[in-house]
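Participant: Sequence first, then the predicted structure:
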Amino acid sequence: MAKILLVDDDVEFGIAFSKILKSEGHKPAVALNTAEGLKTLGKEKFDIIFADLSMPGENGLVLLEKSKKGFPDIPVVMITAFGDWDVYAKAIEKGAVKFVNKPVKKEEIVQIIKDVLAP
Amino acid sequence: MNTGKGILSFDLTDFAFSLVKLLAVFGGLIWGLYHPMSSNDKVFFFILLAIFFVYTLVLYLCVFKFADQAPKLYLFELIIDLMFLSFIIPVTGGFNSTFTLGFFLLAAIHSFYYGLVASIGIAFLISIVYIFSCPQCLVHQHWTDIALRTAFLSVLAVIMGYLSERERRMHRQLVNAEQFAAMGMMSSQIAHAVRNPLSTISLNAELLSDEVKKGQGLDADEAETLINSIMNEVQRVNDVVEEHLKFMRRSKSEYRRCDVNLLLNSLINFLEKEASRKGISFLKSLEGNLPDVKIEESGLRQIMLNIVRNSFEAMPRGGQIRISTVKGKDDIEITIEDTGIGISRENLKRIFEPFFTTKDVGTGLGLYIARDMVIEAGGGISCESKINKGTKVKVRLSFAV
């Protein structure tokens, strides 16, 4: 039962992702870009952030950086269609707790949330 | 300006060489004016210098105009320069003339231009000319001095040759790396554009599966929503792939341009030896300053090669091939005319048909493919012939944008 924020410019993915989270008993929220995401983080308390890497404008890495600065306690999971080793290393360096590749299955999401929120 | 396909094209390099040459002439002039020389020698020196100056200007004008012939012209330059040096050296101090350094300069420049393998030949040639540039002086020289000088010269030549190979290799690597990077970027763009919709489809499918498993509690509206979402995403993937394909096709067509005269010249060069062996001569009548045409260079080369080969085969006892280019209002007409055995009226009707051939060897596809390519490029091809008089093939191609 976690409050989860997804920052991703893909609207349809956001809808599907939210439905999945809801069906697992979590409380999802979606932001379509980094600016909106940061604003939302400021308004409510979230347990996990899922951030898409390649968004137009400020991409997922920027969101990662800024959220770590403003909200260092919230774990950030990068999801992306990219799968570049370079970027993977950079994300981990900047403090991402996990890095997942799209397409992502429901069980993967569920497992990740469990792992990240484990005490 | 259209530059040649040589190792280097007329740009910084040719310009630098011509500058060096003119500086050498200038240096020689100053030398001649102030260095003590007998009056006979002085007259001879300045006559040589004047001729050299004029010849250098003419040569570089030719290099500028016929950039694709540059390698041949520079070889000619090397030989003439060596001749000049061997005339000038006896009247400027013989073996110890300062002008012997000219041999080193020539060795360095030409080795760099032609590459490592050529540098060995160049070293050898220039050494020989150096040694015999002043035969009467040879008797006064110790063989050790001669040997050491030619050794220095040869080493210089080979080093320059090696450096030029290295530069060529690095340049090739750079080009390859750029192409590779471009391809890589394209692939990741496509991967990204496809994977996003795929993940939505995948999640929606899982949600749908959960919904169906509910059995009686199945929410039909929700199920329909999920299914619609899946179908929309499928369409989205397809649209993205289609856009990438369109982009690839478009950037390919940007490369569809070709300098006809340049291509024909290089083709004739390529076939020159074979032609002369068969007693066939080329007659060129290429209109100058033609704009590029809208066809891929490799395609047009294949077409022209096919037509000219046909002409070769129509003239087993030798003959003449006339190649001309003419500029029209919005197209260019290439004509290839031979004095061969010609084609009968019946065969002429079928000449562009696939698999039609009057030869024992060959696929019969040459002209068929040629016509296909020309038409696809928005042009036209036609053929006239008279038995025992010859055949004329005309290819029309529109200007590239």
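Facilitator: Here it is on my side, so go on. Residues are numbered from 1 along each chain as shown, chains lettered A, B, ... in the order given.
Participant: Chain A contacts on the stretch 51-200 of chain B?
Facilitator: Proximity of the stretch 51-200 of chain B to chain A (C-beta under 8 Å from any C-beta of the partner chain) is limited to residues B:188, B:191-200. C-betas here are computed from N, CA, C, even on glycine.
Participant: List buried residues within these.
Facilitator: Buried subset of those (neighbour count, 16 or more other C-beta atoms under 10 Å in any protein chain shown): B:192-200.
Participant: From those, which land in helices?
Facilitator: Using DSSP state H, the subset of these located in helices is B:192-200.
Participant: lowest-confidence helix or strand of chain A?
Facilitator: Ranking every helix and strand in chain A by mean pLDDT, DSSP states H and E puts helix A:85-94 at the bottom, with a mean of 84.
Participant: Low-confidence bits of the stretch 301-401 of chain B, can you list those?
Facilitator: Within the stretch 301-401 of chain B, the stretches with pLDDT under 70 are B:361.
Participant: switch to 80 and redo it
Facilitator: B:354-355, B:359-365, B:401 (pLDDT under 80).
Participant: what about the helices in it?
Facilitator: Along the stretch 301-401 of chain B, counting by DSSP state H, counting those that start in this stretch, helices occupy B:345-350, B:366-376.
Participant: A:Q111: which of those is closest?
Facilitator: Using C-beta to C-beta as the measure, helix B:366-376 is the one of these that comes nearest A:Q111, at 54.4 Å.
Participant: Could you list the contact residues of chain A toward chain B?
Facilitator: A:10, A:12-13, A:15-17, A:19-20, A:23, A:54, A:81-84, A:101-106.
Participant: which residues are contacting stretch B:96-112?
Facilitator: Residues from elsewhere that reach stretch B:96-112 (C-beta atoms under 8 Å, 6 or more residues apart in numbering or on different chains): B:17, B:20, B:24, B:28, B:31, B:74, B:78, B:81-82, B:85, B:88-89, B:92-93, B:118-119, B:122-123, B:126, B:129-130, B:133-134, B:149, B:152-154, B:156-161, B:163-164.
Participant: Now B:L226: which helix or strand?
Facilitator: Element membership of B:L226, judged by DSSP states H and E, is helix B:220-254.
Participant: List the buried residues for that helix?
Facilitator: Those would be B:225-226, B:229-230, B:233, B:236-237, B:240, for helix B:220-254 by 16+ other C-beta under 10 Å.
Participant: now do stretch A:37-48
Facilitator: Buried residues in stretch A:37-48, counted by 16+ other C-beta under 10 Å: A:37-38, A:40-41, A:46-48.
Participant: Give me the distance from it to the chain's centre.
Facilitator: How far stretch A:37-48 lies from its chain's middle: 11 Å, per C-alpha atoms, centre = their mean, to the nearest Å.
Participant: Stretch B:329-348 too?
Facilitator: Counting by C-alpha atoms, centre = their mean, stretch B:329-348 comes out at 27 Å from the chain centroid.
Participant: So the residue nearest in space to the middle of chain A, which state does it fall into?
Facilitator: Most central in chain A under C-alpha atoms, centre = their mean is A:F50, positioned 0.8 Å from the mean C-alpha point. State at A:F50, reduced to three classes by DSSP: H, G, I helix; E, B strand; the rest coil: strand.
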